[in-house]
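> test case, fold it:
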Amino acid sequence: MSETLKEILVRDFGISSEKIVLVPNGVDIDFINPKLHVPKRIFLGFTIGFIGSLYAWAGLDLLLETIFELRAEGLDISLVVVGDGAMKSAWEKQSQELGISPYVAFIGRVSWQEIPQYIAGFDVGYSGQVQLQMGKMYLSPMKLYEYMAMAKPVIASAFEDAKRLICDRKTGFLFKPGDKNDLKRTLLEAYQKREALPEMGQLACIEIVNHHSWAARVQNLVEGAEQILKKQRSPTQ
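Numbers count the residues shown, from 1 in each chain. Model (predicted):
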């Protein structure tokens, strides 16, 4: 859950904020662990990776356009897309029309057991959500946590959950949502700093292990529930 979703529940459903425990996504670090998975590398050069459902709000059209422009400037950048959805055919067609299809691999849907292997083959993960039509972005993308748990820095839209999780330029790179120019600047910076990416990825992994495992989430949930029950039992309530 994100803070924005909590606000929606309070505003639209009349639920007291004191009865809601905010629990962001977490990671099964016993499985999503870079020490346990052999990388499945698709391209030799600098590789951006995306894991997830292929819907318009994922923002891959902006990424494809940005890769086209940067490749035209001589940068060896490729993209691996793991997942399926309504936009898969359209984005495959877009990559063909841009002339970058040899450098973009649409893998399709894979089993959950294979996901860490593909992430291990990325240089950076991409989480470029654009603004939802229904209002504020309230999602808490699982991919952010999984990329970082696999010791990969993230290029991410600067929505609430990403800003809370990512230390900009230390464990990942934030850009203005839906802004292709800012995405291009950010991706260029990541490319130029590619030798430092493994170290950034290690810092990202440490952040997840220390603060965002499911064990940590359960502890937060228990403590939050205990606080709610304590207030309800208080004679002043």
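> which residues are in contact with the nearest residue to Met87 once chain neighbours are set aside?
Distance criterion CB to CB, 6 or more residues apart in numbering; nearest residue to Met87, sequence neighbours excluded, is Leu54 at 4.6 Å. (Each C-beta comes from the backbone N, C-alpha and C, glycine too.) Leu54 is in contact with 60, 81, 83-88, 91, counting by CB atoms under 8 Å, 6 or more residues apart in numbering.
> turn the buried ones among these into a named ChimeraX selection, would you?
Those of these that count as buried under 16 or more other CB atoms under 10 Å are selected in ChimeraX with:
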select :60,81,83,87,88,91
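> looking at the contacts of Leu54, which is nearest Ala215?
Ala215 lies nearest to Gly83 out of the contacts of Leu54, by CB to CB, at 27.3 Å.
> which secondary structure element of this structure has the lowest mean pLDDT?
Using mean pLDDT, DSSP states H and E, the weakest-scoring helix or strand in the chain turns out to be helix 3-13, at a mean of 57.
> tell me the first helix or strand C-terminal of that one.
strand 46-51 (DSSP states H and E).
> using the three-state scheme, assign the spatially closest residue to His37 that is not a sequence neighbour.
For His37, ignoring the flanking residues on the chain, the nearest one in space by CB to CB, 6+ apart is Pro116 at 4.2 Å. The three-state assignment at Pro116 reads helix, by DSSP: H, G, I helix; E, B strand; the rest coil.
> report pLDDT for Pro116.
At Pro116 the predicted local confidence, pLDDT, stands at 98.
> so it makes contact with Ile29?
No: counting by CB atoms under 8 Å, Ile29 is not a contact partner of Pro116; they are 11.1 Å apart.
> picking that back up, give me the neighbour count for the residue nearest to His37.
The number of residues packed near Pro116 is 22, by other CB atoms under 10 Å.
> and stretch 100-114, what's buried?
Buried residues in stretch 100-114, defined by neighbour count with 16+ other CB under 10 Å: 100, 103-107.
> between which two of those is the distance greatest?
Farthest-apart pair in the buried residues of stretch 100-114 is Ile100 and Ile107; separation 16.2 Å (CB to CB).
> need the pLDDT of Val21.
53.
> again but with Arg217, I slipped
What the model reports as pLDDT for Arg217 is 64.
> tally of neighbours for Arg194?
Around Arg194 there are 12 other residues, counting by other CB under 10 Å.
> tell me which two of the contacts of Leu54 sit farthest apart.
Across the contacts of Leu54, the longest distance by CB to CB is 13.7 Å; it joins Val81 and Ala86.
> quick one, what contacts the residue positioned nearest the centre of the chain?
Centroid check for the chain by CA atoms, centre = their mean gives Leu144 as the closest residue, at 2.8 Å. For Leu144, the contact set (CB under 8 Å, 6+ apart) comprises 25, 125, 127, 154, 156, 161-162, 165-166.
> next secondary structure after the strand or helix carrying it?
Assessed by DSSP H and E, Leu144 sits inside helix 142-149. Per DSSP H and E, helix 142-149 leads on to strand 154-157 as the next helix or strand towards the C-terminus.
> need the residues that contact that following strand.
Against strand 154-157 from outside (CB under 8 Å, 6+ apart): 48, 59, 124-130, 137, 144, 147-148, 162, 166, 171-178, 183, 186-187, 190, 204.
> 6 Å - rerun?
Strand 154-157 is contacted from outside by 124-129, 144, 147, 162, 166, 172-174, 177, 186, 190, using CB atoms under 6 Å, 6 or more residues apart in numbering.
> mind checking which of those are buried?
Taking 16+ other CB under 10 Å as the criterion, what is buried in the contacts of strand 154-157 is 124-129, 144, 147, 162, 166, 172-174, 177, 186, 190.
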